[in-house]
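1. task: produce atomic coordinates for the following.
(one chain, ligands or ions: 1)
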Amino acid sequence: MSLTFELNPAIKKLPVYLPGKPIEEVARELGLAPESICKLASNESPLGPSPKAIEAMKNALNTVNLYPDGNAFYLKEKLSKKLNLPSEYIIVGNGSNELLELIAHAMLQPCDECIMSQYSFAVYPIVTKLSSAEIVMTPAKNYGNDLDAMLKAITSKTRIIFIANPNNPTGTHLSEKELKNFIEKVPQNILIVIDEAYTEYQTTPPDLVPLIRNNEKNNLVICRTFSKIYGLAGIRIGFAMASPEFIQALNKVREPFNSNQLAQVGAMAALDDTEFLDYARNVNLSGLEYLQKEFDKMGLEYIPSVANFILVKVGNGIEVFQSMEKKGIIIRPVNNYNLPEWIRITVGTEEQNIKVIKGLKEILGKNNI
Ligand SMILES: *Cc1c(COP(=O)(O)O)cnc(C)c1O
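-> Sure thing, here's the model as predicted:
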């Protein structure tokens, strides 16, 4: 039945975010046990959350009758110490996805422009369109963000530039120097969003926090998340860093209890468990190395990655996705990113990575390698 009322016109053309298929759904379709399914489609941690985070969340279960601390006081205190950045420079969100949306709310009006790269995170166009603003897409350079092209795309209507570093879905990255040069050149009236969802996977990631800490760049926001290396995607928690004035603006547009109590205590415990963090980084690094080495042997083109996923060229991405799914391995076709010949594979455990390579060899007829 068609709607008898008009929607906000911004919603009509809005793309719906396509998530990876849930394990249970694939298990049901294949008649397999959920435990036998290997999900490497959404860049989730294959290691689960830190055992300390699980314990902390269990202990907090008895008090979920109470509203959470809407201001996430203790989590912000902990982040503040860790980042050497006062709490007023930090906001906590229901995943960093929410923070991207809050940023758009706080910034955009119809006809404003947002610059993003050709192969960039699917949420940037969504939050832009949600605010009736215009997407200005710059061509990629070697599949990554082309900073010069982004500078050239600036007009009097530009309000936000979105950059994921490392970039999703390509796994490419920019250096601290490249980013700092770029930030220096962007006019102060344009907000630069650096989305660092995968930064912890890098052994020496760029550090842009000093630009915020020293009040050098009031037009910079850095977003981070507990969804990736910390393994807390299901509980939805992330944070952003910016000038206290901009954080205050974001606080105005968020709902009062936007991050839940379990997420806050889970995130705090996860931050403390640095041993688990190092372990997760190392598992990922050796997984990446293994996958890239195997792709080399198979003669498959891939984009060298510093994140917890890798883009590899397989011919028909959708077909390979479907064949892999039949084997109980869920990976991600990226035709929605206009990369129909590629698939994106999340780095799994050693066992999962071996399974992925075995599956790909069978499907691509490279079994004799
Ligand atoms: C996964 C991801 C996020 C994280 O989203 P959450 O809402 O924090 O789970 C943000 N940005 C990029 C580029 C991502 O790939």
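
2. quick one: Leu18 is in a helix?
-> No - Leu18: not assigned to a helix; according to DSSP: H, G, I helix; E, B strand; the rest coil it is coil.

3. ok, and the closest non-adjacent residue to it?
-> Asn336 (5.8 Å; CB to CB, 6 or more residues apart in numbering). C-beta here means a position set from N, CA and C on the backbone, and glycine is covered the same way.

4. repeat for Lys327
-> Computed as CB to CB, 6+ apart, the closest residue to Lys327 that is not its neighbour in sequence is Gly359, at 4.8 Å.

5. picking up where we left off before, find me the pLDDT at the residue nearest to Leu18, would you?
-> Per-residue confidence (pLDDT) for Asn336: 89.

6. what's the answer for Asn367, then?
-> Asn367 is assigned 59 on the pLDDT scale.

7. show me the contacts for whichever residue of the stretch 51-200 of the chain sits closest to the ligand.
-> At 2.6 Å from the ligand, Gly95 is the closest residue in the stretch 51-200 of the chain, using CB to the nearest ligand atom. Contact analysis of Gly95 by CB atoms under 8 Å, 6 or more residues apart in numbering lists 225, 227, 233, 236-238.

8. for those residues, give me JSON lines that also has secondary structure, neighbour count and pLDDT.
-> Formatted as JSON lines, the contacts of Gly95 follow (DSSP: H, G, I helix; E, B strand; the rest coil; neighbours: other CB atoms under 10 Å; pLDDT from 0 to 100):
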{"residue": "Thr225", "secondary structure": "strand", "neighbour count": "26", "pLDDT": "98"}
{"residue": "Ser227", "secondary structure": "coil", "neighbour count": "22", "pLDDT": "98"}
{"residue": "Ala233", "secondary structure": "helix", "neighbour count": "17", "pLDDT": "98"}
{"residue": "Arg236", "secondary structure": "coil", "neighbour count": "20", "pLDDT": "98"}
{"residue": "Ile237", "secondary structure": "coil", "neighbour count": "28", "pLDDT": "98"}
{"residue": "Gly238", "secondary structure": "strand", "neighbour count": "27", "pLDDT": "98"}
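
9. of these, list those near the ligand.
-> Subset of the contacts of Gly95 in contact with the ligand: 225, 227, 233, 238, counting by CB under 6 Å from any ligand atom.

10. now do the same contact list for the second one.
-> So the one you mean is Ser227. By CB under 8 Å, 6+ apart, the residues touching Ser227 are 44, 95-96, 197, 233, 236-238.

11. for the stretch 1-150 of the chain, what lies in contact range of the ligand?
-> 43, 95-97, 121.

12. is it true that Glu200 touches Lys228?
-> Yes - contact criterion CB atoms under 8 Å: Glu200 and Lys228 qualify, at 7.3 Å.

13. of the two, which one has the most company?
-> Set side by side, Glu200 and Lys228 show more neighbours around Lys228, with 28 against 20, by other CB atoms under 10 Å.

14. for Gln261, see how far away Ala60 is.
-> 6 Å (CB to CB, to the nearest Å).

15. so where's this structure shaky on pLDDT?
-> 366-369 (pLDDT under 70).

16. residue boundaries of the strands in it?
-> With DSSP state E as the definition, the chain shows strands at residue ranges 38-39, 90-93, 113-117, 134-138, 158-164, 191-195, 220-225, 238-241, 302-303, 309-313, 329-330, 332-333, 342-346.

17. which other residues reach the longest helix that the chain contains?
-> For the chain, the helix with the greatest residue count under DSSP state H is helix 274-298. Contacts to helix 274-298, defined as CB under 8 Å, 6+ apart, come from residues 45-47, 50-52, 200-201, 203, 229-231, 270, 301-302, 304-305, 308, 310, 312, 345, 347-350, 353, 356-357, 360-361, 364, 366, 369.

18. from these, which would you call buried?
-> Buried members of the contacts of helix 274-298, scored by 16 or more other CB atoms under 10 Å, are 45-46, 50, 52, 200-201, 229-231, 270, 302, 305, 308, 310, 312, 345, 347-348, 353, 356-357, 360-361, 364.

19. among the residues you listed, name the ones in helices.
-> When DSSP H defines the helices, the subset of the buried ones among the contacts of helix 274-298 inside them is 52, 270, 353, 356-357, 360-361, 364.

20. want to throw those residues into TSV with distance to Val127?
-> Formatted as TSV, those follow (distance: CB to CB, whole Å):
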residue	distance to Val127
Lys52	33
Ala270	26
Asn353	33
Val356	32
Ile357	36
Leu360	34
Lys361	39
Leu364	37
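
21. ok, these vs the ligand, which is closest?
-> Of these, the one sitting nearest to the ligand (CB to the nearest ligand atom) turns out to be Ala270, at 13.1 Å.
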